[in-house]
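**Q** need a structure here:
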Amino acid sequence: MNPKKFPEKEFYYIEIGDVNVKTGMIEKPYQKLPGKKVPSGLKYVVKEGDVLVSLVRPTRGAIAIVPKDLDEALATGGFAVLRTKGSISKEYVYTILRMPFALNQMGARVGGGTYPTIKIEDVKEIKIPIPSQTTEKIIIAKVKGLFKLRENEEKIRENILSALENL
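**A** Numbers count the residues shown, from 1 in each chain. Have a look, this model is predicted:
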C-alpha cells in the first residue's frame with residue numbers, strides 16, 4: 001500500500017523506536033500520520049499477531065507482537081515481519097527471540113559498519129528450539145498474562161491522567 005496515494009487519510013505507523021525494548025510492547029499512544037507524512041521507503045501492512053523484529057541494532061531486543069488495535073497498521077521496513085505457521089505460537093517465537101541466546105545469534109550475523117543491521121534472511125536462520133506442547137502452553141499463558149498486566153497498567157495510567165485533567 002502506498003499511503004502517498006491517500007495524503008489526508010491517517011495511518012498508524014510503527015517505527016523501531018516505538019518498541020519498548022524492556023517490555024517488548026509497542027508504546028502508546030500510537031503514532032498516527034496522514035498519508036502525505038508517512039516516511040517513504042519500504043513499509044509493511046502488519047496484522048494482529050505478527051512478530052516484529054528490528055533489523056537495526058537487533059541485539060537491543062526491539063521485538064514485539066502487533067496488538068489487535070494495530071491490525072492493518074504500517075510498519076517501517078526496518079523490521080522483519082514474522083507470521084507463525086503450524087503449531088508454533090507467536091508468543092513462543094516472541095519469547096525465544098527476546099532471549100539472550102537468540103539475540104546473540106542475531107549479533108553474530110550483524111553486518112559491519114557504524115549502523116549494525118541484519119537481513120531478513122538472517123532472522124529466518126535463528127535457531128529456535130522446538131518445545132514440548134506442555135512447555136509451549138506454559139510460555140503462552142505467561143506471555144498472555146504479562147500482556148494483560150501491561151494492558152491493565154495502561155488503563156490505570158489513562159484513568160489517572162484523565163482524572164488529573166479534570167482537576
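
**Q** any idea where the helices of this protein begin and end?
**A** 90-97, 100-108, 120-124, 133-165 (DSSP state H).

**Q** contact partners of the shortest one?
**A** So the one you mean is helix 120-124. 53, 55, 58, 80, 82, 106, 109 (CB atoms under 8 Å, 6 or more residues apart in numbering). Bear in mind the C-beta positions are built from the backbone N, C-alpha and C, glycine included.

**Q** need the contact list for the last one.
**A** Spelled out, that is Arg109. 118-119, 122, 125.

**Q** roughly how far apart are Lys47 and Lys155?
**A** 24 Å (CB to CB, to the nearest Å).

**Q** More neighbours: which of these two?
**A** Lys47 (14 against 10; other CB atoms under 10 Å).

**Q** Now for that one: which residues touch it?
**A** 66, 71-72, 83.

**Q** ok, of those residues, which come out buried?
**A** Buried subset of those (neighbour count, 16 or more other CB atoms under 10 Å): Val66.

**Q** Mind listing the residues bridging to the one residue sitting closest to the centre of the chain?
**A** Nearest residue to the geometric centre of the chain (CA atoms, centre = their mean): Ala64, 2.7 Å. Beta-bridge pairing for Ala64 (DSSP bridges): Leu52.

**Q** Give me the pLDDT value at it.
**A** The model reports Ala64 with a pLDDT of 97.

**Q** ok, now how distant is it from Pro3?
**A** Ala64 is 21 Å from Pro3, where distance means CB to CB.

**Q** Same question for Gly35.
**A** Counting by CB to CB, the gap from Gly35 to Pro3 is 4 Å.

**Q** Give the residues shared as contacts by those two.
**A** Residues touching both Gly35 and Pro3 by CB under 8 Å, 6+ apart: 9, 11.

**Q** which of the two has more neighbours?
**A** Between Gly35 and Pro3, counted using other CB under 10 Å, the more crowded position is Pro3 (21 against 17).

**Q** That one is in contact with Val45, isn't it?
**A** No: applying CB atoms under 8 Å, one finds Pro3 not in contact with Val45, separated by 10.0 Å.

**Q** what sits in contact with each of those two?
**A** The contact lists of Pro3 and Val45 share Leu74, where a contact means CB under 8 Å, 6+ apart.

**Q** hang on, the earlier thing: contacts only, for the residue nearest to the centre of the chain.
**A** 19, 24-26, 51-52, 94.
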